[in-house]
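K.L.:
A structural model of the following input is requested.
(one chain, ligands or ions: 2)
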Amino acid sequence: MTTKAKAAICRGHDHPFTIEPVELADLAPDELLVRVIACGICHTDLAVRDAQLPVPLPAVLGHEGAGIVEAVGGEVTAAKPGDRVVMSFNSCGHCPNCADDAPTYCYNFFPENWSGTRADGTPTMHHEGAPLAANYFGQSSFATYAITHQRNTFALPARFDGIALDMIAPIGCGLMTGAGAVLNAMKVRAGLPIAVYGTGTVGMAAIMAARIAKANPIIAVDVNDDRLGLALELGATHAFNAKADANAKIKELVPQGLGYVFDTTGINSVIEQAWDLLAPKGICGIVGASAPGDKLTFDEGVFMGGGRTVMGILGGNSNGAPFLLELLDHHLAGDFPFDRLIGHFDFAQINEAIEASEVGKVVKPVLRISAE
Ligand code: CXF
Ligand code: ZN
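P.N.:
Ligands and ions are numbered 1, 2, ... in the order given. The predicted structure is shown next:
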């Protein structure tokens, strides 16, 4: 049976999102129908809106959804009707990287997440009788209902009943990306210094995770003093404004060099200058969206001679449920207070929420789509 829903349709940079009636397809055997309670807004949604990523438009975006399962296909074991769930990116489950528990690097990432249809080419959504691009990150959660998949839908154990779904939603992308870069990818060691460039959701999650990993010092770098103040509350031991010679201050603070640089800005000159601050065996982790065709330049002798690493990191090397639940356990323990980053908006306020994020008023906007 098809499901009627309301979805925010994205038609590109020059159009506001508009909430319109849509129809969801019948479930395939490995799919779930989720009533969406809340969805975070991520910079990737805005990059898609601005045609910087190859997702067809118009489309229904939203990939930080949380909700309650309404129905499941015959092969689904991930969750059952009534379960509280959080959604994340989708993956194929059968390529070499999925087999290696590294689904963020799925060989079939595009058809599973960005093609606008299911991986087999069938549409999951119709608008005014015609197919509409959806199944974005295997969810398209800027909608009252979402079709999701066995591999990207995670039931929340009862110990998380006290955390509202409109808080949990962003765990499936921005938060896992920053925290996972520190804990899973760079495997930050206790006592070593880290500098985090950019204090949006991903940078702040990295700073909270660096505190969990007991890195020291933990240095936040940004151009926004309010954000730097919040970074200090969340775990940074030092905060330097990039407009006021941050790198010189880092050199003075850590003359032996940084164990880790984590860049969320995607700006070449920021990465190259930060890379120069690495100690021998230092790791420079990169997650920021860079301009197409950007090339980084490093001194080859220093790179090789000191055993330094430049590491591209996608989705914090998350392996799905185990890592997301680990982060929520850190939250319950008080070590990962990501609620400090969130500002809530009604679904109808989606354009205001985007604007609040773009002007830097809110670190992580979360849309409230229906009552829990
Ligand atoms: C994604 C990139 C691919 C893996 C999951 C997270 N980032 C989205 O904003
Ligand atoms: Zn995202």
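K.L.:
what sits against the residue of the stretch 101-250 of the chain found nearest ligand 1?
P.N.:
Going by C-beta to the nearest ligand atom, ligand 1 is nearest to Thr104 of the stretch 101-250 of the chain, at 4.0 Å. In this view, the C-beta of every residue, glycine as well, is placed from N, C-alpha and C. Going by C-beta atoms under 8 Å, 6 or more residues apart in numbering, Thr104 touches 89, 91, 314-318.
K.L.:
tell me which of those is nearest to Ala195?
P.N.:
Gly316 (17.9 Å; C-beta to C-beta).
K.L.:
got the contact list for that closest one?
P.N.:
104, 176-181, 183-185, 323.
K.L.:
Closest one to Gly129 out of these, please.
P.N.:
Closest to Gly129, out of all of those and judged by C-beta to C-beta, is Thr104, at 35.9 Å.
K.L.:
Read off the pLDDT value for the spatially closest residue to the closest one that is not a sequence neighbour.
P.N.:
Spatially, and ignoring its direct neighbours in sequence, Thr104 is nearest to Gly315 (3.5 Å; C-beta to C-beta, 6 or more residues apart in numbering). Note for Gly315: predicted pLDDT of 98.
K.L.:
can you check Asn216 too?
P.N.:
For Asn216, pLDDT reads 98.
K.L.:
How many residues are close by it?
P.N.:
Asn216 has 15 neighbouring residues, counting by other C-beta atoms under 10 Å.
K.L.:
List the residues that contact the residue nearest to Gly191 when sequence neighbours are not counted.
P.N.:
Among residues not flanking Gly191 along the chain, Asn216 sits closest, at 5.7 Å (C-beta to C-beta, 6+ apart). Listed by C-beta under 8 Å, 6+ apart, the contact partners of Asn216 are 190-193, 237.
K.L.:
Which of the helices or strands spans the closest residue to His238 other than its chain neighbours?
P.N.:
Leaving aside its chain neighbours, His238 sits nearest to Ile219 (4.7 Å; criterion: C-beta to C-beta, 6+ apart). In the assignment (DSSP states H and E), Ile219 maps to strand 218-222.
K.L.:
quick one: the next helix or strand after that strand to strand 218-222, angle?
P.N.:
Next helix or strand after strand 218-222 toward the C-terminus (DSSP H and E): helix 225-234. Counting by axes from the mean of the first three to the mean of the last three C-alpha atoms, to 10 degrees, helix 225-234 lies at 160 degrees to strand 218-222.
K.L.:
Surely Glu112 is within a helix?
P.N.:
Yes - when classified by DSSP: H, G, I helix; E, B strand; the rest coil, Glu112 is found to be part of a helix.
K.L.:
Now do the same contact list for it.
P.N.:
90-92, 106, 119, 138.
K.L.:
show me the contacts for the nearest residue to Gly62 once chain neighbours are set aside.
P.N.:
Among residues not flanking Gly62 along the chain, Phe142 sits closest, at 3.3 Å (C-beta to C-beta, 6+ apart). Residues in contact with Phe142 (C-beta under 8 Å, 6+ apart) are 7-8, 10, 17, 39, 45, 60-62, 347, 350, 367, 369.
K.L.:
Now, these that are in helices?
P.N.:
If you go by DSSP state H, the contacts of Phe142 have 45, 350 in helices.
K.L.:
Tell me who's in contact with the residue nearest to Thr104.
P.N.:
Gly315 touches 89, 104, 173, 176-177, 180, counting by C-beta under 8 Å, 6+ apart.
K.L.:
what do you get for Ser357?
P.N.:
Contacts of Ser357 (C-beta under 8 Å, 6+ apart): 41, 43, 46, 363-365.
K.L.:
about what we covered before: what residues does the strand holding Ile219 touch?
P.N.:
Looking at what lies outside strand 218-222 - C-beta under 8 Å, 6+ apart - the contacts are 193-199, 203, 207, 210-211, 227-228, 231-232, 235-242, 246, 250, 253-254, 258.
K.L.:
try 7 Å this time
P.N.:
The contact list for strand 218-222 (C-beta atoms under 7 Å, 6 or more residues apart in numbering) reads 193-199, 207, 210-211, 228, 231, 235-240, 242, 246, 250.
K.L.:
Same question for stretch 159-166.
P.N.:
37-38, 66-67, 84, 328, 331-332, 344, 366, 368, 372.
K.L.:
pLDDT value on Met1, please?
P.N.:
Reading off the confidence values, Met1 has pLDDT 69.
K.L.:
roughly how far apart are the residue of the stretch 251-372 of the chain found nearest ligand 2 and Ala185?
P.N.:
Nearest residue of the stretch 251-372 of the chain to ligand 2: Gly315, at 8.2 Å (C-beta to the ion). In this view, Gly315 and Ala185 are 10 Å apart by C-beta to C-beta, to the nearest Å.
K.L.:
For this structure, give me the ranges with low pLDDT.
P.N.:
Within the chain, the ranges that satisfy pLDDT under 70 run 1.
K.L.:
Around ligand 2, which positions in it sit nearby?
P.N.:
Within the chain, the positions near ligand 2 by C-beta under 5 Å from the ion are 42, 44, 173.
K.L.:
Fine by me, thanks again.
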